[in-house]
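[1] no sequence for this one, just the structure:
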């Protein structure tokens, strides 16, 4: 089954499938290793990883598409791309959708912020008109039609924080009518708002849990409760990069203060674990198959 079809099926089941955010290939491989069915390339994480900059629309489409291609080639689970606003108007959306399909993404987020956009949990967001976003969705639907009709278009609205909840619902239904497969309702403020949105939006609903200790607009509702509400997808976008930041900072602090630390091996994975994660055993087997026997014996003499 194609990854796009797998993703479409997951969404239709409305079982709150969890999509942890990855920011590079290694984080995506760890997400797959942990048993998740889906990952989302996080524009927030990629901006931090590639640029060391905040998620305020500084990433170019080529940087996001390139990272999505790298991730999609490295894991076997469906990968959703972060298309931001489509990086411009409806014409830019057409190219954005086609590029994501061609690099192996199973779906893409497209949002109704003004370009350049910013993280949905930051202040200072601005929206395009409902009409403009509807036309963007229609362009996205047409762009996928000849390449992969199962490619998932996830239309995100940031209206709750800008024009209010009722406008968010109105926009969501307009985007669904335009052909969006799923509606990403950004930054709902409580469980009852999510419950109400599920009942009022004519498409599967995706929400975003900004899994920081502080800073997110949406409360950290247990996944099982979101499943019971009928949420289709739960994006958990920044936990991976926040965990890495916290524990890498801790490791470097200890290393600076104490040098090597045999009593703090809890901060690291083992060398063997890492070699397995990046597939070194498989490459050694390929060497045995495809390199001359004498070369292999010389490389691993006595091993």
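    Okay, I see it. What you see is a predicted model; the values in this text were computed from it and never measured.

[2] so how far is the first residue of stretch 95-108 from its last?
    End-to-end span of stretch 95-108 (CA to CA, to the nearest Å): 12 Å.

[3] Output the below-cut-off pLDDT ranges for the protein.
    Within the chain, the stretches with pLDDT under 70 are 118-122, 124, 211-216, 302-303.

[4] quick check, residue 155 in a strand?
    Yes. Counting by DSSP: H, G, I helix; E, B strand; the rest coil, residue 155 is part of a strand.

[5] Number of residues surrounding it?
    The tally of other residues near residue 155 (other CB atoms under 10 Å) stands at 29. Backbone N, C-alpha and C define where each C-beta goes, glycine included.

[6] how far away is it from residue 244?
    Using CB to CB, to the nearest Å, residue 155 is found at 30 Å from residue 244.

[7] Would you list the phi and psi of the nearest residue to residue 268 once chain neighbours are set aside?
    The spatially closest residue to residue 268, leaving aside those adjacent along the chain, is residue 251, at 7.3 Å (CB to CB, 6 or more residues apart in numbering). Per-residue torsions, residue 251: phi -60, psi -50 (degrees, to the nearest 10).

[8] dump the residue contacts of residue 251.
    Each residue near residue 251 by CB atoms under 8 Å, 6 or more residues apart in numbering is listed here: 264, 267, 268.

[9] give me every residue that touches the second one.
    For residue 267, the set of contacting residues under the criterion of CB under 8 Å, 6+ apart consists of 247, 250, 251, 254, 261.

[10] residue ranges of the helices in the protein, please?
    Here the chain has its helices, by DSSP state H, at 3-13, 25-33, 43-46, 61-74, 90-102, 130-145, 159-162, 165-177, 191-200, 223-229, 239-258, 271-277, 280-290, 293-299.

[11] per-domain residue ranges of the protein.
    What the record gives for the chain is the domain set 3-237, 271-303, from automatic domain parsing.

[12] And the last one, what's buried?
    Across domain 271-303, burial judged by 16 or more other CB atoms under 10 Å covers no residue at all.

[13] I figured residue 137 hits residue 110, correct?
    Yes. Between residue 137 and residue 110 there is a contact at 7.1 Å, judged by CB atoms under 8 Å.

[14] Which of those two has more residues huddled nearby?
    The neighbour comparison of residue 137 against residue 110 (other CB under 10 Å) goes to residue 110, with 26 against 23.
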